[in-house]
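Chemist: below is the sequence, then the predicted model.
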Amino acid sequence: MGRPSALREAAADKRMQEQSIVAAAKHGPLQSLTERELEVRDQPVTIYPWNAQRRVKAWVRFGPESIRVDAKIVRSTPLAAGIVFKAQGRTYRCWVWGNAVQLAE
């Protein structure tokens with residue numbers, strides 16, 4: 001079993017991130033790449049099954065407010081990543097540029 005202090009720290013980090021997401025969401029809607037930017041008619045889209053989805057850190061934008069979130073990559077193109085993340089019971093989904101995403105450690 002993990003150290004109790006490490007578990008408390010992880011829970012506190014999660015709460016802080018959720019509060020940051022909720023605060024950022026007040027600045028506008030979650031931004032996502034457009035079909036034109038994704039070039040979905042010309043580029044292959046990979047959809048990852050549940051067991052192949054990787055945890056990532058990704059930059060997202062709510063209106064003009066940017067924030068880095070813990071997310072899962074659920075689909076991708078050669079240049080973009082489709083991610084999903086949650087905050088206070090709400091699920092957010094969007095497409096971001098691939099260089100806005102980094103595999104979580």
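Modeler: That came through, no problem. Just so it is clear, the model here is predicted, and its values are computed rather than measured. Numbers count the residues shown, from 1 in each chain.
Chemist: quick one: low-confidence parts of this structure?
Modeler: Along the chain, the model assigns pLDDT under 70 to residues 1-2.
Chemist: what ranges do the helices span in it?
Modeler: Along the chain, the stretches classed as helices by DSSP state H are 4-25, 35-38.
Chemist: list the residues that contact residue 30.
Modeler: 60, 61, 62, 92, 94 (CB atoms under 8 Å, 6 or more residues apart in numbering). Any C-beta I mention is one placed from the backbone N, CA and C, and that applies to glycine too.
Chemist: CA-only coordinates of the lengthiest strand in the chain in CSV, if you can.
Modeler: Counting by DSSP state E, the longest strand found in the chain is strand 65-76. Backbone C-alpha positions of strand 65-76 (Å, rounded to 0.1, in the frame of the first residue of the first chain) are rendered in CSV as follows:
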residue,chain,number,x,y,z
GLU,A,65,-7.7,30.9,-20.8
SER,A,66,-5.1,28.0,-21.2
ILE,A,67,-4.6,25.3,-18.6
ARG,A,68,-2.6,22.1,-18.4
VAL,A,69,-4.7,19.1,-17.5
ASP,A,70,-4.3,15.4,-16.7
ALA,A,71,-6.1,13.5,-19.5
LYS,A,72,-6.3,10.4,-21.5
ILE,A,73,-5.6,10.2,-25.2
VAL,A,74,-8.5,8.4,-26.8
ARG,A,75,-7.8,9.0,-30.5
SER,A,76,-5.2,10.6,-32.7
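Chemist: list the buried residues for that strand?
Modeler: Buried residues in strand 65-76, counted by 16 or more other CB atoms under 10 Å: 67, 69, 70, 71, 72, 73, 74, 75, 76.
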